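Novice: here's my sequence, what's the structure:
(one chain, ligands or ions: 1)
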Amino acid sequence: MSATKVSAARYLPEDRALDSLKTAAGRCRGCPLFADATQTVFGHGNVGAPIMLVGEQPGDQEDRAGLPFVGPAGRLLARALDEADIDPALTYQTNAVKHFKFTRKGGKRRIHQKPSRTEVVACQPWLIAEIEAVHPQVIVCLGATSAQSLLGAAFRVSAERGRVIELPGALDVRLKPAPVVVATVHPSSVLRDRSAAHGDAYKSFVDDLCSARIAYAS
Ligand code: URA
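Specialist: Below you'll find the predicted structure:
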């Protein structure tokens with residue numbers, strides 16, 4: 001597969017309804033990640049959900065279940081949403097990359113690998129199509145991969161987290177009103193932080209989700 005051909009764009013259906021997108025994404029061969037993954041993990045939630053949560057990529061459990069955020073990071077996210085007073089039914093949950101990327105350890109264990117910039121860009125047409133089909137009011141980018149997919153490779157979550165940001169015009173998302181974006185850390189990073197700073201990391205994560213809730217409610 002040559003570098004110029006690494007894109008999901010040619011797999012997108014003409015009918016951009018969410019169900020059609022999900023079916024078509026199940027057949028995506030736009031980058032090599034489909035080959036080892038169990039299945040495409042498309043987003044989950046309703047058209048019109050006011051808050052779209054965008055993670056990095058499905059993990060081991062999501063790859064098996066075919067649903068985003070059903071594993072440990074998803075459980076932390078669910079708890080944080082509850083504390084931020086965000087009803088999960090008002091969220092659409094998805095990922096910047098729709099296939100699980102991993103290496104094998106000891107024959108069986110599958111170890112998460114960060115998707116490359118090429119893979120993130122290749123998968124971006126699905127994310128843009130989901131944004132257009134769902135038309136959220138606020139998009140919450142969970143972690144750098146997700147934030148950089150929408151806000152550019154130079155975007156730094158550590159410097160900009162919790163702020164309400166305009167969706168870049170270059171993405172050509174034709175929605176009125178245009179969704180705004182709030183970036184925060186990935187729930188896995190909070191989960192992995194077993195230091196004395198864990199409580200603060202979790203609280204800052206909840207605070208960022210509260211910024212998203214306020215942006216949606218205002
Ligand atoms: N991490 C993510 O970024 N997305 C998931 O769906 C699960 C874990």
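Novice: please count neighbours and contacts with C-alpha atoms only from this point.
Specialist: Noted.
Novice: what lies in contact with stretch 73-90?
Specialist: The contact list for stretch 73-90 (CA atoms under 8 Å, 6 or more residues apart in numbering) reads 45, 49-51, 68-69, 187-188, 191, 202, 205-207, 209-210, 213.
Novice: report the entries of these that also contact the ligand.
Specialist: 68-69 (CA under 6 Å from any ligand atom).
Novice: at the contact with the ligand, which residues of this protein appear?
Specialist: Near the ligand, when you scan the chain using CA under 6 Å from any ligand atom, you find 55-59, 62, 68-69, 73, 95.
Novice: among the residues you listed, which pair sits farthest apart?
Specialist: 73 and 95 (12.7 Å; CA to CA).
Novice: quick one: which of those two has more around it?
Specialist: residue 95 (28 against 19; other CA atoms under 10 Å).
Novice: which residue packs closest to that one, ignoring adjacent ones?
Specialist: Of all residues not flanking residue 95 in the chain, residue 55 sits nearest, at 4.3 Å (CA to CA, 6 or more residues apart in numbering).
Novice: quick one: low-confidence parts of this structure?
Specialist: Confidence mapping of the chain against pLDDT under 70 gives the ranges 1-4.
Novice: would you map the strands across it?
Specialist: 51-55, 91-95, 102-105, 109-112, 138-142, 164-166, 180-184 (DSSP state E).
Novice: which stretch among these comes nearest residue 23?
Specialist: strand 91-95 (15.0 Å).
Novice: list the contacts of the closest residue to residue 103 other than its chain neighbours.
Specialist: Setting aside the residues directly before and after it, residue 103 is nearest to residue 111 in space (CA to CA, 6+ apart), at 5.2 Å. By CA under 8 Å, 6+ apart, the contact list for residue 111 reads 102-105.
Novice: just to revisit the earlier point, quick one: which of the contacts of stretch 73-90 has the most company?
Specialist: In terms of neighbours by other CA under 10 Å, these top out with residue 51 at 29 neighbours.
Novice: okay, that one and residue 88: tell me how far apart.
Specialist: 9 Å (CA to CA, to the nearest Å).
Novice: centre of the chain versus stretch 161-174, how much separation?
Specialist: Relative to its chain's centre, stretch 161-174 lies at 15 Å (CA atoms, centre = their mean, to the nearest Å).
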